[in-house]
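> Give the three-dimensional model of this entry:
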Amino acid sequence: MVDKAVNIGLLGLGTVGIGVYKILQNFPEVKIKKIAEKNLDLKRDINVDKSIMTTDIMEVVNDPEIQIVVEVIGGTDPAYDAIVQSINAGKHVVTANKELIAKRGPEIFDLANKKNVSVLYEASVGGGIPLIMPLKQSLVSNKITCIAGILNGTTNYILSRMEEERAEFKDVLAEAQKMGYAEADPTSDVEGYDAAYKIAILASIAYGVKIDVNKIYREGISKITLVDIDYAAELGYKIKLIAMAKQEDNGKIDVRVHPMLVPTGHPLAHINGVTNAVSVVGDAVGEVNFVGPGAGQMAAASAVVADLLSVVNEMGFTANILPSMRCKHTTDGDIIPIEETYNSYYVRFQSSDKPGVIGNMGHSCGKYGVSLLGVIQKDMLEGGVARIILLTHEVTESAIQAALREIEKHDTTKLIANVIRVFK
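Below you'll find the predicted structure:
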């Protein structure tokens, strides 16, 4: 450990920034020299010396006495410029910024390697759950065959409450917004962007390649209804928003985010509320599960401060700090298009209740090589319309979509209400 306190600069004094400030009061080896925050007059539950506060981010970044910059402002602008200038000035960086790391991480890491500084970002993925360091260190002896998990607490809360309260998506979303679990604009959470950023980061670490987040198939939970949740339960499943990455034997990577029917026997099916969970499968260790708070002030701050202390504890002992935590991959990951992936499917139709309807559906499926695991006719709706559920064996996405396009043209088909992939 260094002989005197290490000076850090804190960018952002919002929810996570306040948590970082609170925790650091217990660590005299770290001194917060300056804090940049756009709203200096906002009431906070901490007492901060006003003399160290500024609205100018670059005043923090350019301070020659600051050795580590902690960025918790979020977004790509102005965070990217602040981090790049910090690295160019020879400062180590700790960030919780998943969007920035997912979108521009390769540029940041390449610059950090050239300048021989560390960029740590544990809080960007699992909040308080340790994921990045275990992947880079504890599980490095394994070939990671699959990462799958619940990486967004807001969507998991919504799906859990829909089931518990017998409520529809829009009503539970409004409740989540009132309670502060969902933003006023919930798009990033409910449409899967947040989870896509996180699985992009994990996949890049697990498979040692750059992951283009724009190539990740992404689907949110806004189409999930209480009807689907109930039918899934009858069939032995829970519906969860799953972020998943798998590497095939040919080196291609299947990485995506979408709702899935998770068997009730799998640990992920029992993760409720705002809790996050990630299952990592290695060829040597088998399946390892990480569960904990994926968001929240102190959970995220815990991970930020842990990264910060990891750097501080190395300073003064070596000029090459935490080399095992640095990203050195240079090749682009070959991401499999969703059309080429293999899945089993749950499909919910509304169809006229007439003889031959199910047979015609089966014929269309067979035409495209879609093998049916089961067909269930459920409730009758108004006008002689029945709900029909198809469950399929594993088949390519392109095949199921071709079959559904044909079924949609049947005179008896009123609506293809939902298509959900099945987790295995």
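
> Report the contact partners of Ser364.
Counting by CB atoms under 8 Å, 6 or more residues apart in numbering, Ser364 touches 403, 406-407, 410. (Each C-beta comes from the backbone N, C-alpha and C, glycine too.)

> With adjacent residues omitted, what lies nearest to it?
Glu406 (4.4 Å; CB to CB, 6 or more residues apart in numbering).

> First-to-last residue distance for stretch 325-332?
Terminal residues of stretch 325-332 lie 19 Å apart, using CA to CA, to the nearest Å.

> Which residues in that stretch does the neighbour count mark as buried?
Neighbour-count burial for stretch 325-332 flags 325-327, 329 (criterion: 16 or more other CB atoms under 10 Å).

> so which helix or strand takes in the residue nearest the centre of the chain?
With distances taken as CA atoms, centre = their mean, the residue of the chain nearest its centroid is Ala195 (2.5 Å). Ala195 is part of helix 193-207 when elements are defined by DSSP states H and E.

> ok, back up a step: mind checking the SS state of the residue nearest to Ser364?
Following DSSP: H, G, I helix; E, B strand; the rest coil, Glu406 is assigned to helix.

> Report the contact partners of it.
So Glu406 contacts 364, 367-368 (CB under 8 Å, 6+ apart).

> What residues of stretch 254-264 count as buried?
Here stretch 254-264 shows 254-262 as buried, counting by 16+ other CB under 10 Å.

> So which of those is the closest to Ala206?
Checking the buried residues of stretch 254-264 against Ala206 with CB to CB, the nearest one is Val255 at 9.9 Å.

> quick one on the thing from earlier: in JSON lines, list the buried residues of stretch 325-332 along with secondary structure.
Converted to JSON lines, these look like this (three-state DSSP):
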{"residue": "Met325", "secondary structure": "helix"}
{"residue": "Arg326", "secondary structure": "coil"}
{"residue": "Cys327", "secondary structure": "coil"}
{"residue": "His329", "secondary structure": "coil"}
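
> so where do the helices sit in the protein?
15-24, 57-61, 79-88, 98-115, 123-126, 132-133, 153-165, 169-179, 187-190, 193-207, 226-234, 297-312, 357-367, 397-408 (DSSP state H).

> Could you look over these and pick the most buried one?
helix 123-126 (a mean of 28; mean count of other CB atoms under 10 Å).

> got the contact list for it?
16, 95-98, 101, 131-132, 151, 197-198, 201-202, 276, 278, 290, 292, 294, 300-301, 303-304, 307.

> how much space between Tyr217 and Thr225?
To Thr225, Tyr217 is 21 Å away according to CB to CB, to the nearest Å.

> The two: who's more crowded?
Tyr217 (19 against 16; other CB atoms under 10 Å).

> my read: the more buried one touches His258, true?
Yes - contact criterion CB atoms under 8 Å: Tyr217 and His258 qualify, at 6.8 Å.

> give me the low-pLDDT residue ranges for the stretch 151-300 of the chain?
By pLDDT under 70, the stretch 151-300 of the chain has no low-scoring segment.

> try 90
Low-confidence segments of the stretch 151-300 of the chain (pLDDT under 90): 178-183, 294-296.

> same check, this time on the stretch 301-424 of the chain
316, 319, 328-330, 378-379, 424.

> can you rerun that using 70?
Using pLDDT under 70, nothing in the stretch 301-424 of the chain is flagged.

> Ok, the stretch 1-150 of the chain next?
1-3.

> And the nearest residue to Leu135 once chain neighbours are set aside, how close does it get to Val281?
By the measure of CB to CB, 6+ apart, the closest residue to Leu135 outside its immediate chain neighbours is Ile205, 4.8 Å from it. From Ile205 over to Val281 the distance is 15 Å, taken as CB to CB.

> quick one: contacts for Gln350?
So Gln350 contacts 381, 385-388, 413-415, 417 (CB under 8 Å, 6+ apart).

> Kindly indicate which of the residues you listed lies nearest Asp45.
Ala417 (46.7 Å).

> Next one: the closest one from Ala386, what distance?
Taken as CB to CB, the span from Ala417 to Ala386 is 12 Å.

> which of those two has more neighbours?
Ala386 (19 against 16).

> Grab the nearest non-local neighbour of that one.
Nearest to Ala386 is Asp353, by CB to CB, 6+ apart, at 4.3 Å.

> pretty sure that neighbour contacts Arg387?
No - applying CB under 8 Å as the test, Asp353 and Arg387 come out as separate, 9.8 Å apart.

> OK, contacts around the spatially closest residue to Lys354 that is not a sequence neighbour?
Of all residues not flanking Lys354 in the chain, Thr412 sits nearest, at 5.8 Å (CB to CB, 6+ apart). Residues in contact with Thr412, defined by CB under 8 Å, 6+ apart, are 351-352, 354, 357, 360.

> re the thing from before, quick check, the residue nearest to the centre of the chain in contact with Asn156.
No - in this structure Ala195 lies outside contact range of Asn156 using CB under 8 Å: 10.0 Å.

> joint contacts of those two?
Leu241.

> Could you list the residues in contact with stretch 229-238?
By CB under 8 Å, 6+ apart, the list of residues contacting stretch 229-238 reads 159, 162-163, 239, 261-264, 269-270, 346, 348, 378, 389, 391, 420, 422.

> try 7 Å
162-163, 239, 261-264, 269, 348, 378, 389 (CB atoms under 7 Å, 6 or more residues apart in numbering).

> CA atoms of that stretch as CSV?
Provided in CSV are the C-alpha atoms of stretch 229-238 (Å, rounded to 0.1, in the frame of the first residue of the first chain):
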residue,chain,number,x,y,z
ILE,A,229,-46.9,-15.8,-17.9
ASP,A,230,-49.9,-18.0,-17.0
TYR,A,231,-49.4,-20.4,-19.9
ALA,A,232,-45.7,-20.6,-19.3
ALA,A,233,-46.4,-21.5,-15.6
GLU,A,234,-48.8,-24.3,-16.7
LEU,A,235,-46.1,-25.7,-19.0
GLY,A,236,-43.4,-25.5,-16.2
TYR,A,237,-41.6,-22.3,-17.1
LYS,A,238,-41.0,-18.7,-15.9
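
> Right, I'll leave it there.
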